[in-house]
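# attaching a predicted model along with its sequence, questions to come.
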Amino acid sequence: MHLGLLIRMILREVRQNRQQTAVLFLCIVLSVVGLTALGGFQANVQQAMLRDARQLHAADVIARSSFPFLPAMEAKLARYAERPDVATARVWEFYTVVRTMDASASLLSAVKVVEPGYPFYGQVATASGLPFTEMLTPGNVLVEQALLDRLGLSVGSRIYLGDVAMMIRDVVISEPDRPVTVFTLGPRIFVNARDRGKLGLITQGSRVRYKALLRLPEGLTPETVQKDLLSTADLAQERVDTFRSADSRLKRIFDNLLFFLKLVSIFTLLLAGIGIQSVLTALLRTRIKTMAAMKALGAPNAFVMHLYMGLVLLLSMVGTLCGVLAGLALQEGLGRLLSDLVPVTPSFRIVWPAVGESLLVGLLAVALFAARPLLGLRHLKPSALFRHEEGHRRVRLGEGGVVLVTTLFFVGLVLWHLDDLRTGAYFIAGILGLVGIVWAAAWLYLKGLRRLPTRHLVLRQAIRGLFRPRNATQPILVTLMASLTLIFAIFLTEKNLNATFVDAYPEDTPNVFFLDIQRGQTDRFTQTVGRTSQFYPVVRAKLMAINGNAVDPARERQRKSDNLARPFNLTYRHHLLENEKIIAGKTLFQAGGGNFQVSVLDRIAEIGNIRLGDRLRFKIQGVPLDARVVSIRTRTRESMQPFFYFVFPEATLRQAPQTIFTALRVAPEAIAALQNQVVQALPNVTVLDASRTIRQVADALGRFSQAIRFFTLFSMAAGILLVASSIIATRSARIREAVYFKILGARRRFVLYVFSLENALLGASSAVGGLLLAHLISWVVCTRYFDIAYKTYPAASLSGLMAGIAVVMAVGLSASRAIMRRKPAQFLRTHAAE
Amino acid sequence: MTIEALDLHKSYTIDDRRIQVLKDVSFAIAPGEFAVIQGTSGSGKSTLLSILSGLDRPDSGTVRIQQQDITHLSEDDLAPLRNRTFGFIFQSFHLVPSLSALENVMFPAELARTPDPADQARYLLERVGLGHRQTNMPHQLSGGEQQRVAICRALINRPAIIFADEPTGNLDSRSGQAILELMLEFQHELHTTLLMVTHNPDIAKRADTRFHLTDGRIAGSEA
């Protein structure tokens, strides 16, 4: 083996093909950046969550329910409470509106009533620095600073909580088990459990989260206690977790986001891989004569193979290493971008398994994408020295195998990163579909363009340029179009969601919701607000079984969409709402069908695969209720109008424990005053300013899509690298064209126009194709998934289009600058012998 | 059109070494004349042709075409001259690879916005016996055919001067002879000045004037 010679030649190849090796290197870097950053970030968050798990949940074991605990659970909890070595504390969480003593201001707040002992782990930090338990004495409350700011109060002020005046004793800075949510409805208020009864806020049907926290002694494992409590728990409404198994809803949202970002990174890896293959193919084509000459001089096939394999190996090692380093830097940035969406503060730490995985994935991807062009070298003959143009080769068996292995590699990679096979299958099908459609569109477009008769000289030359031998026009189009599709689709969907729910909050839509009105309070409520409104009775219940098959809470919690195990709000009425229509069944209920009928909304019917005639079993505060599905409804338009998944005949639920819900459209400036009036008259009623809540959701949504768009930009970068690589690969052909144009009398401007138009055609076709596909995808997502009207946003679309074209043109022109500067005589001198 | 070269000097720097390619070159070629430049390899023939045709600039000295000094013209000012006044034929043909034979010939006429460039290009291709190869791409043509396309391309705007750099150098003797006859036929027909660089003594014999270039200097000329 001529190792020394090989190394020397590899280094010479790198030096001689600086631009192409640089692009190849960047493609390799790009392929691992995203995966490294996400892998490390996720591992850090998970580790921090595990490290802080006890603090995050403030206890060893947590029992929780949306209803008061059932007697069996109460009995078990009481037995543990009697044990001297076990500490227990009850917690009640709910929303209510608090008001100032002079009734001039009120605010929806998140109340947490706690028993002494809370929290068992971690601590509630107060602004005064004094211990939480010392400050939270009966008659006093501890509040978040936001409450003081928004009500114009200070420590020492008094507020009305229900009908009881309480003194604000201190400000809470942090609490260990605060459920970090994407949005919060109101600031926190801590209340001593001894005040719970006199507040009168926990009434029949109120939305309260009941919790029992347990601190265990050494030797008694949380899992043992969990198992014991679960043995008597009603799983339909009671849940028992240890600090290790507890899973917050936000963590699920966070996991979903990271999963999606990983899918985008895998997509980038795929595009970067196409880039690697394309650049390497172009590089090897420029070296055909050199390789043929080496073979003619007696170099064995293996020498030529080893030379370029060595080059790829060198670049892939350096490239993946740099990619991993860049990924680690990005990991830090990602932490900042998502800091307030993550339940813990992860410390920056290099996660070696994640780094190892990225290195392995990067090297494997390079090996797979480089294999096809490298394998092609086996068939290169010394006679290539005498040929001017290389024709199209048929794909040989070995190369077909490489394509198959590459496909399997990506399928495996997607499956490796997901926790849900169905989502993975959708993703793979979606990506294959997208790439397939884009590939077909690019092929048809190029075919049509080639045949397009045009008399305009510059346009004709630009079109001809696209079909220049070695131009990677089709891969460029596919890569750019696919990444632009993704970027535009996310942008358009987000814009439509914002337009429907945030920017143009419909004028006829209610913007203030009133919850937990008691049955006897409807007249007083109408008097207080000074107008009539539609009252919706609400009965809290759990869905237990569908056709006798029990709903599995553990499985349901794994769902990425809404789940069947959560408490539902049932209602009763005999008419459809104005934005509802029946899509299965003839009427809402069947005449003579009895009281045990239920009408189901299509969205939950799809989730639970519920059909007409199915039998559903509910449990309302321990009392079972069986009903047959007699109709399925859909909403004709998505809006902030109230809706119910399950509607019953009045006679079925009239006697069930219930509250009343209503919604009003109120001028934004009048909301605060109305809230004051209602809470003064009916302290138990919760008033929710929906437009404010929606703005918070939109803000979180914006940050999520910002993260997604950021990662999608890597795909775009892969496409841009392809443009640059294609220009470099065809550099000599472009110089030749430019020189010939000049010799034949063309001005420099003409050459500039031709090259600019060529890049503009590439950019425009990618952007137009990407935009059209993005509109199609966003339209499907908005109208089918979100059920909202779709707007096309011509101005924003046009801006996106122009930006896409401008980027491609800028990259193309900057890569062509040196080409256009070449003097004819200089070129003729060096190419005289060709 | 008259071509005049006055005291031309040209040098290149290769690897920090300055090489004097042309030294004090002066001569004149009358309108409609067929002149050849002869010399050994590296004597500066092609460089001289490049400078005379405005493709390159001398370090000093002047090139005048019909009394107009072209040595100080900008690239953009030279462009119309190259397009309408000059025609070029090269040893390596230099056809645009992405254009068909017909498109290659049409190209200068289209730049000059000549009406019906395709008709003229077809006429010329028919004249050189390539009427049936119009849609072929350059790589589908033989060397002789490519050079005939290049001749048509050089002639389509009826230039006053044709610069030819070893036009038969890459062809066998039979094809080379045919190309030469074709060029002379067009030269007589259009009364064009033809300045050719060649090694071939048989071609040189047929020229009106011959310049011998040795080590960058005109060693002699004969009419």
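Received it, and whenever you're ready, just let me know what you need. Please read all numbers here as calculations on a predicted model, not as lab measurements. Numbering: from 1, shown residues only, chains lettered A, B, ... in the order given.

# name the SS class of the residue most central in space within chain B, please.
Central residue of chain B (Cα atoms, centre = their mean): B:Phe163, 2.0 Å from the mean position. Per DSSP: H, G, I helix; E, B strand; the rest coil, the secondary structure class of B:Phe163 is strand.

# can you check the one 5 residues further on too?
B:Thr168 carries the three-state label coil when classified by three-state DSSP.

# equivalent analysis for A:Gly376, please.
helix.

# thought it was touching A:Leu284?
Yes. The criterion here is Cβ atoms under 8 Å, and A:Gly376 meets it with A:Leu284 at 7.3 Å. No exception for glycine: its C-beta is placed from N, CA and C like everyone else's.

# neighbours of A:Leu761, how many?
22 (other Cβ atoms under 10 Å in any protein chain shown).

# excluding sequence neighbours, find me the nearest residue to it.
Spatial nearest neighbour of A:Leu761, excluding adjacent residues (Cβ to Cβ, 6 or more residues apart in numbering or on different chains): A:Ala462 at 5.9 Å.

# wait, doesn't that neighbour sit right on A:Leu752?
No. In this structure, A:Ala462 is not within contact of A:Leu752 by Cβ under 8 Å, at 11.3 Å.

# out of the two, which sits in the busier spot?
Neighbour totals were compared for A:Ala462 and A:Leu752, and A:Ala462 leads with 21 against 16 (other Cβ under 10 Å).

# who's the residue nearest to the centre of chain B bridged to?
Counting by DSSP bridges, B:Phe163 forms beta bridges with B:Phe88, B:Leu195.

# shaky segments in chain B?
In the predicted model, chain B carries pLDDT under 70 at residues B:15, B:223.

# who in it is up against chain A?
With the criterion set to Cβ under 8 Å from any Cβ of the partner chain, chain B comes near chain A through B:46-47, B:50, B:55-56, B:75-76, B:79-84, B:88, B:90-92, B:94-99, B:103, B:107-108, B:110-112, B:139, B:153, B:157, B:165.

# so which of those belong to helices?
B:46-47, B:50, B:75-76, B:79-80, B:103, B:107-108, B:110-111, B:153 (DSSP state H).

# excluding chain neighbours, what is closest to the residue of chain B found nearest chain A?
The minimum distance from chain B to chain A, using Cβ to the nearest Cβ, falls at B:Asn83 (2.1 Å). Of all residues beyond its chain neighbours, the one nearest B:Asn83 is A:Gly745 (2.1 Å), with distances taken as Cβ to Cβ, 6+ apart.

# surely that neighbour forms part of a strand?
No. A:Gly745 is assigned coil when assessed by three-state DSSP, not a strand.

# what about it, neighbour count?
Every residue meeting other Cβ under 10 Å relative to A:Gly745 is counted, giving 24.

# dump the residue contacts of it.
B:79-84, B:108, B:111-112, B:157 (Cβ atoms under 8 Å, 6 or more residues apart in numbering or on different chains).

# re the thing from before, what subset of the residues of chain B next to chain A is buried?
The neighbour count (16 or more other Cβ atoms under 10 Å in any protein chain shown) marks B:46-47, B:50, B:55-56, B:79, B:81-84, B:88, B:90-92, B:94-99, B:103, B:107-108, B:110-111, B:153, B:157, B:165 as buried among those.

# and A:Ala58, how many neighbours?
Neighbour count of A:Ala58, defined by other Cβ under 10 Å: 26.

# please, where are all the strands along chain B?
B:3-14, B:17-29, B:34-39, B:60-65, B:68-69, B:86-90, B:161-165, B:193-197, B:209-214, B:217-222 (DSSP state E).

# just checking, what packs against the strand or helix carrying A:Met9?
Assigning secondary structure by DSSP states H and E places A:Met9 in helix A:3-16. Contacting helix A:3-16 under the criterion 3 or more Cβ pairs under 8 Å, 6 or more residues apart in numbering or on different chains; DSSP states H and E are the following elements: helix A:301-337.

# give me the angle between the helix it packs on and helix A:3-16.
50 degrees (axes from the mean of the first three to the mean of the last three Cα atoms, to 10 degrees).

# name the helices or strands packed onto helix A:301-337?
Using 3+ Cβ pairs under 8 Å, 6+ apart, helix A:301-337 sits against helix A:3-16, helix A:18-51, helix A:288-296, helix A:352-376, helix A:690-729.
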